[in-house]
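**Student:** Need coordinates for the below:
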Amino acid sequence: EETQAQTCERGVFMRTIDLYHAFHAVDDDILERSEAAIGRRKKNGWLKWGTIAACLCLCVVGAISIFYPKGGSQDSVVQAIAALEFNGCYYEVCNIESVLESCGLPNKITAEMAGEHLAYLEHNDGAGYEETAKQTDIELYQYAPSPCRGVYVVRDGENYMAALFCNFRLFDSNTNVELSELYCVYGVDGAEDISVIAHIESKPGTEAVVNGTVTDAEAIAEFYEHTTSLASFGNDDFQAIMFSNIPKEDKPAAHTAFADDAITLRIETKTGLRFNLRVYPSYGWIYGPGTLSYYQMDEGIFNWSEKYSFEGYSN
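**Tutor:** Next up, the predicted model:
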């Protein structure tokens, strides 16, 4: 396996859309091992995002800054994936059709989708955006069809893009976030706000539903109740529980086996937004992309999985 640094270096020579898919197709746990091999770097005034999922966003943005250096074409920047930090969260700003579709959005963001004005933005080093107190020609809006923290609309001049939730801003590698907070980001305050739970298979540029879907209201209510009551663990605690007693020479194989066990569950809200959970059924863990936290499965969620098996189940 190549290291994260090698991946970033190789990505410099890739098209922007390929760059996005390359990073997002790699399993989080494999990248975590790569990060450990490189070593942790201290940042003045800032602590780590918490886990490699957040570093992934930085890698994308860092490579894009090479593609589109400061002073480059604004039209080029609009075609890239840019970073935004707002309201305690990190976002990826883009207008790539396949990315928008995977999040349950139309393949083109238009002025009609811009809701309430939230902030003025300015370019940050030519690759990202940051909030500013002065009035500019770059604005951040609520996403009118589904106002929430999961997606915003960015207007950069005459160009409209989506700001897609990436993860919470965490202050150390062991901060943990309850899964209910991830649900709330997408406007899910209760089970009634979820319309579909699907087991999906992700490949670069595409997502396919496998083994059916769950749309039954009772089944969804049980899933919501069980998942929001699971105990949460920060990355450091999770690593200690799972891998601390494994001999050093056996850890690479253990990490690989864990990563290979993953299945992806896609949660679709009543308003059509989509977000994913990563489930490791053989090990009894759920990973919350965006929370950068792990959740230990209990008897309730195991029973739910048996009762509403995704294999062949559809309402």
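**Student:** And for the closest residue to residue 120 other than its chain neighbours, the neighbour number?
**Tutor:** Spatial nearest neighbour of residue 120, chain neighbours left out: residue 136 (4.8 Å); criterion: C-beta to C-beta, 6 or more residues apart in numbering. (C-beta placed from N, C-alpha, C; glycine too.) As a burial measure, residue 136 scores 15 neighbours (other C-beta atoms under 10 Å).
**Student:** and residue 136, what does it touch?
**Tutor:** 120, 121, 122 (C-beta atoms under 8 Å, 6 or more residues apart in numbering).
**Student:** what helix or strand is the first one on?
**Tutor:** Using DSSP states H and E, the element containing residue 120 is strand 114-124.
**Student:** PyMOL command for the buried members of the contacts of residue 136?
**Tutor:** Burial among those is assessed by 16 or more other C-beta atoms under 10 Å; the matching PyMOL selection reads:
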select buried, resi 121
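**Student:** Could you export the contacts of residue 136 as CSV, including pLDDT and distance to residue 264?
**Tutor:** Formatted as CSV, these follow (pLDDT from 0 to 100; distance: C-beta to C-beta, whole Å):
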residue, pLDDT, distance to residue 264
120, 98, 36
121, 96, 32
122, 95, 36
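**Student:** Adding distance to residue 306 as columns, could you present the contacts of residue 136 in JSON lines?
**Tutor:** Listed next are the contacts of residue 136 as JSON lines, based on distance: C-beta to C-beta, whole Å:
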{"residue": "120", "distance to residue 306": "51"}
{"residue": "121", "distance to residue 306": "48"}
{"residue": "122", "distance to residue 306": "52"}
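**Student:** related to what we said a few turns ago, check the gap between the residue nearest to residue 120 and residue 160 for me.
**Tutor:** The gap separating residue 136 from residue 160 is 15 Å, by C-beta to C-beta, to the nearest Å.
**Student:** same question, residue 221
**Tutor:** According to C-beta to C-beta, residue 221 and residue 160 sit 36 Å apart.
**Student:** again, but for residue 234
**Tutor:** From residue 234 to residue 160 the distance is 36 Å (C-beta to C-beta).
**Student:** And residue 236, by the same measure?
**Tutor:** To residue 160, residue 236 is 40 Å away according to C-beta to C-beta.
**Student:** ditto for residue 287
**Tutor:** Taking C-beta to C-beta as the measure, residue 287 falls 32 Å from residue 160.
**Student:** Touching, residue 163 and residue 95? I think so.
**Tutor:** No. The criterion here is C-beta atoms under 8 Å, and residue 163 misses it with residue 95 at 10.7 Å.
**Student:** So those two - more neighbours on which side?
**Tutor:** residue 163 (27 against 20).
**Student:** Assign that one to helix, strand or coil.
**Tutor:** Counting by DSSP: H, G, I helix; E, B strand; the rest coil, the backbone at residue 163 sits in strand.
**Student:** Okay, it and residue 149: tell me how far apart.
**Tutor:** In this view, residue 163 and residue 149 are 10 Å apart by C-beta to C-beta.
**Student:** do the same with residue 86
**Tutor:** 9 Å.
**Student:** How many neighbouring residues does the nearest residue to residue 180 once chain neighbours are set aside have?
**Tutor:** Ranked by C-beta to C-beta, 6+ apart and with sequence neighbours excluded, the top spatial neighbour of residue 180 is residue 228, at 4.4 Å. A count of neighbours around residue 228, defined by other C-beta under 10 Å, yields 17.
**Student:** Over to the one 10 residues further on?
**Tutor:** By other C-beta under 10 Å, 20 other residues sit near residue 238.
**Student:** same deal with residue 172?
**Tutor:** A count of neighbours around residue 172, defined by other C-beta under 10 Å, yields 12.
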